[in-house]
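**Student:** Structure for this input, please:
(chains A and B)
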Amino acid sequence: MYLNDEDMDLGIRSIEAEESSFESYREGASGANGEKVGGGCGCN
Amino acid sequence: VQLIILSIYILFSCNASIAQSQDDSIVSHEELDPATMNFIFSYYEQDGDHSPVTGGIGDEELHDYIFKILVNVPLNNNLSMSSSGGVDLYTSASTDNINNEHDQLVTETSASYIDARFYGKMGVKSKRNDGRTTIGLNGGFSKEWDLGSLNGGMYLAHFSKDKNSQIKLRAYYFHDKWDMIYPEELRKTIIEPEHDVKQLFDASITLTQVFNKRLKASLTIESVYQYGFLSTPFHRVYFTDTTHYIERLPDQRFKLPIGLYMTYYMNDWSILRTYYRYYSDDFGIKAHTFEFEIPLKVLPFIVVSPFYRFHTQTGSEYFKPFAKHDINSIYHSSDHDLAPLNAHKIGIGFKYSPLFGVLNKMDLSKLTKKLRLKKLELRVSKYFRMYESRLSLKAFMATLGTSYSIK
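**Tutor:** Numbers count the residues shown, from 1 in each chain, chains lettered A, B, ... in the order given. This next block holds a predicted model:
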């Protein structure tokens, strides 16, 4: 309970990693959330 | 920004003494933790009318199907290996316009074709016997139709004695090589750029603090340096005199994002998750991102999580919309990802994670299965990007995740 609850974990969870990836392509800002900040094209 | 950093430093200096086990904390295990395997399937679609391939106007419709697997295998109590890999299969209306529409037979990609991106990553994590220090190494690759990427990185994480504070240092390197594909009508006149490679160096520091039994937070300060061909070779830019050429951006970019996560255990049925990021780079973009999510335990083992995200940014000094660039400008882009914009995301997540696994008897002595489905998750979201108070791009994403443990 409390801090051991999975939803208390800080940072991006695997279920939301792809959302974060698309946001980094569709916006000019990225980083500081534990996810990658580069690599790949994302140029569609 | 200085005020934020100072405030956080003061907060982190108040070291509450609450011993809690956390993800990266170590206790002495007599039995090895089980291996875990996660399968992720995502569907993403977007539609808009500001494609950079056609100079800031035109179709941006995209459909993407993502399959991903993540495996973590403990080798002993202090050493574990992880690997992940996946494939994105997508159709894109915008890249179809690299060539003229009547030239479909020789096109590199097309909305009517399915393009693929493959990627993989491997890592190893080692913990010292006192459980307070972790060192991780990893490397990976990705390959898509116009670009190949290699990356490697490492991190070092260290807990305080009471394990309520942690400092994590992380460094990454990416090496991307373009296959220089230009818009068809410009191929004979193009002046080859100096680089066909872009490199990225990333370093970050994360401070995590448990303040009390209900509250914890982390602060990440990251610095990113990019060098090389940072434009996209098939992005067009139209000038005020009606001529056009490819996008051109500086060959260096420095980014500084600062992120603050906070989670608060409100009561036995709800948690508050929040995130704020400040971002600045030398392309002239400054951005603020806010996100909050409230996981609600609506039934035993079932959590429903509504969430909302807001992002606002100033535009890059190198961005102008369709046909607004001066022909004499050195750098020019009509990529609306670099435009001044506001974006809203709203969605909901569902999680089912029974104590003894999905469809298992609630009797520990009868748990003989080697492979157990531990958790089912579904997350859906809608995304709206606004430019000059108009909806310029909308997107939908759904992700299904399953988590297994292997004895």
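**Student:** alpha carbons only for contacts and neighbour counts from here, please
**Tutor:** Fine.
**Student:** Can you give the contact residues for stretch B:192-204?
**Tutor:** A:32, A:37-39, B:169-180, B:220-230 (CA atoms under 8 Å, 6 or more residues apart in numbering or on different chains).
**Student:** mind listing what residue B:134 touches?
**Tutor:** B:125, B:126, B:127, B:128, B:156, B:157, B:158.
**Student:** An error on my part: the question was meant for residue B:304.
**Tutor:** Here residue B:304 is in contact with B:295, B:296, B:297, B:298, B:348, B:349, B:350, B:351 (CA under 8 Å, 6+ apart).
**Student:** Alongside chain B, which residues does chain A contribute?
**Tutor:** A:2-4, A:7-11, A:15-16, A:18-19, A:25-33, A:37-41, A:43-44 (CA under 8 Å from any CA of the partner chain).
**Student:** Show me the shaky parts of chain B.
**Tutor:** Where chain B drops to pLDDT under 70, the residues are B:1-30, B:100-113, B:359-369.
**Student:** What ranges does it have for its helices?
**Tutor:** Under the criterion DSSP state H, chain B contains helices at B:2-13.
**Student:** re earlier: would you report which members of the residues of chain A next to chain B are assigned to strands?
**Tutor:** Residues of the residues of chain A next to chain B located in strands (DSSP state E): none.
**Student:** Any quick PyMOL command for the buried ones out of the residues you listed?
**Tutor:** To isolate the buried members of the residues of chain A next to chain B in PyMOL, using 16 or more other CA atoms under 10 Å in any protein chain shown:
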select buried, chain A and resi 2+3+7+8+9+10+11+15+16+18+19+25+26+27+28+29+30+31+32+33+37+38+39+40+41+43+44
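**Student:** follow-up on the earlier one: closest one of the contacts of residue B:304 to residue B:337?
**Tutor:** Nearest to residue B:337 among the contacts of residue B:304 is residue B:348, at 25.1 Å by CA to CA.
**Student:** Just give me the neighbour total for residue B:190.
**Tutor:** 12 (other CA atoms under 10 Å in any protein chain shown).
**Student:** Narrow the contacts of stretch B:192-204 to those that are buried.
**Tutor:** A:32, A:37-39, B:169-178, B:220-230.
**Student:** Keep only those of those that are in strands.
**Tutor:** Per DSSP E, these map to strands at B:169-178, B:220-228.
**Student:** Within reach of chain A, which of those residues are there?
**Tutor:** B:174, B:175, B:176, B:220, B:221, B:222, B:224.
**Student:** Test my guess that the last one contacts residue B:254.
**Tutor:** Yes. With the criterion set as CA atoms under 8 Å, residue B:224 and residue B:254 qualify as a contacting pair; they are 5.7 Å apart.
**Student:** circling back to that earlier point, mind telling me the two of the ones next to chain A among the ones in strands among the buried ones among the contacts of stretch B:192-204 farthest from one another?
**Tutor:** B:176 and B:220 (25.1 Å).
**Student:** how about the strands of the stretch 1-150 of chain B, start to end?
**Tutor:** Per DSSP state E, counting those that start in this stretch, the stretch 1-150 of chain B carries strands over the ranges B:35-48, B:62-76, B:79-92, B:115-127, B:133-144, B:147-159.
**Student:** Can I get those in a markdown table including distance to residue B:382?
**Tutor:** Output for those, formatted as a markdown table (distance: least, CA to CA, whole Å):
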| stretch | distance to residue B:382 |
| --- | --- |
| strand B:35-48 | 10 |
| strand B:62-76 | 14 |
| strand B:79-92 | 19 |
| strand B:115-127 | 24 |
| strand B:133-144 | 26 |
| strand B:147-159 | 29 |
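**Student:** Now do the same contact list for the residue nearest the centre of chain A.
**Tutor:** Most central in chain A under CA atoms, centre = their mean is residue A:20, positioned 3.9 Å from the mean C-alpha point. Going by CA under 8 Å, 6+ apart, residue A:20 touches residue A:35.
**Student:** Could you report the distance from it to residue B:155?
**Tutor:** Counting by CA to CA, to the nearest Å, the gap from residue A:20 to residue B:155 is 21 Å.
**Student:** Is residue B:391 bridged to anything, and to what?
**Tutor:** Residue B:391 forms beta bridges with residue B:386, as assigned by DSSP bridges.
**Student:** Pretty sure it sits against residue B:343.
**Tutor:** No. In this structure, residue B:391 is not within contact of residue B:343 by CA under 8 Å, at 9.3 Å.
**Student:** Next, show the common contact partners of those two.
**Tutor:** Shared contacts of residue B:391 and residue B:343, defined by CA under 8 Å, 6+ apart, comprise B:384, B:385.
**Student:** Name the spans of chain A whose pLDDT lies under the cut-off.
**Tutor:** The model of chain A has pLDDT under 70 over residues A:1, A:39, A:42-44.
**Student:** Can you show me the helices along it?
**Tutor:** A:17-26.
**Student:** near chain A, which residues of the stretch 1-150 of chain B show up?
**Tutor:** With the criterion set to CA under 8 Å from any CA, the stretch 1-150 of chain B comes near chain A through B:20-23, B:40, B:42, B:51-53, B:60, B:62, B:92, B:94-95, B:142-144, B:146-150.
**Student:** And those residues, which of them are buried?
**Tutor:** Applying 16+ other CA under 10 Å to those flags B:20, B:22, B:40, B:42, B:51-53, B:60, B:62, B:92, B:94-95, B:142-144, B:146-150 as buried.
**Student:** if you count what's nearby, which of residue B:391 and residue B:343 comes out ahead?
**Tutor:** Between residue B:391 and residue B:343, residue B:343 has the larger neighbour count (other CA under 10 Å), namely 22 against 15.
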